[in-house]
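# A structural model of the following input is requested.
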Amino acid sequence: MKDQNYKNHVRLVPIYHFALAIILLAVIVLAIINLISFIRHDRHILQPLIFVLISIALLIIAVLLRTFPLMAQDRAIKAEENLRHFALTGKLLDGRLTLSQIIALRFASDNEFVILADRAIIENLSNKDIKKAIQYWRADHYRV
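Purely as a prediction, here's the structure:
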């Protein structure tokens, strides 16, 4: 695997992030157009309404399909980084660190992790600022 850094660490799954998004958008738009057409021609709207509701339900499922595993990964990352900080310092991570800061800190090497965590609190660094400040990137190829 190629070295990971700030510029290439984002991982996109084309079939999910692009193909599924385009298909779902098309289904919703077509279902709405169909519903409007039925309303304009004064026809029974039950079937087109069902299609609109199904398309909305599919969109919700797609969003949750992405959100729930990310929430579980975020919890695992927080626990891992808390353990890592404890192993390096004998203390748990500072409670003032936000989840997004902790998730960004996972890319920092052990040599800069503690210093960067302290700096994140003092300077209120965003996750992007933390990632940009990392000198020795620790790759994470497991997060989707």
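# need the contact list for residue 62.
Residue 62 makes contacts with 20-21, 24, as judged by CB atoms under 8 Å, 6 or more residues apart in numbering. Where C-beta positions appear, they are placed from N, C-alpha and C, glycine not excepted.
# Which pLDDT value goes with residue 139?
What the model reports as pLDDT for residue 139 is 80.
# do you know how far it is from residue 28?
Distance of residue 139 to residue 28, computed by CB to CB, to the nearest Å: 37 Å.
# For the strand or helix carrying residue 103, give me every contacting residue.
Using DSSP states H and E, residue 103 falls within helix 99-105. Outside helix 99-105, the residues within contact range by CB under 8 Å, 6+ apart are 74, 77-78, 81-82, 93, 97, 113, 116-117, 120, 125-128, 130-131.
# hang on, the earlier thing: neighbour-wise, which of residue 139 and residue 28 wins?
residue 28 (17 against 14; other CB atoms under 10 Å).
# In this structure, where is pLDDT below threshold?
Counting by pLDDT under 70, the low-confidence segments of the chain come to 1-2, 7-8, 143-144.
# Which helix in it has the most residues?
In the chain, taking DSSP state H as the definition, the longest helix is helix 46-89.
# what's around residue 77, how many residues?
19.
# What is the helix or strand just after the helix holding residue 103 packed up against?
Downstream of helix 99-105, the first helix or strand assigned by DSSP H and E is helix 110-123. Secondary structure elements in contact with helix 110-123, counted by 3 or more CB pairs under 8 Å, 6 or more residues apart in numbering; DSSP states H and E, are helix 46-89, helix 99-105, helix 127-133.
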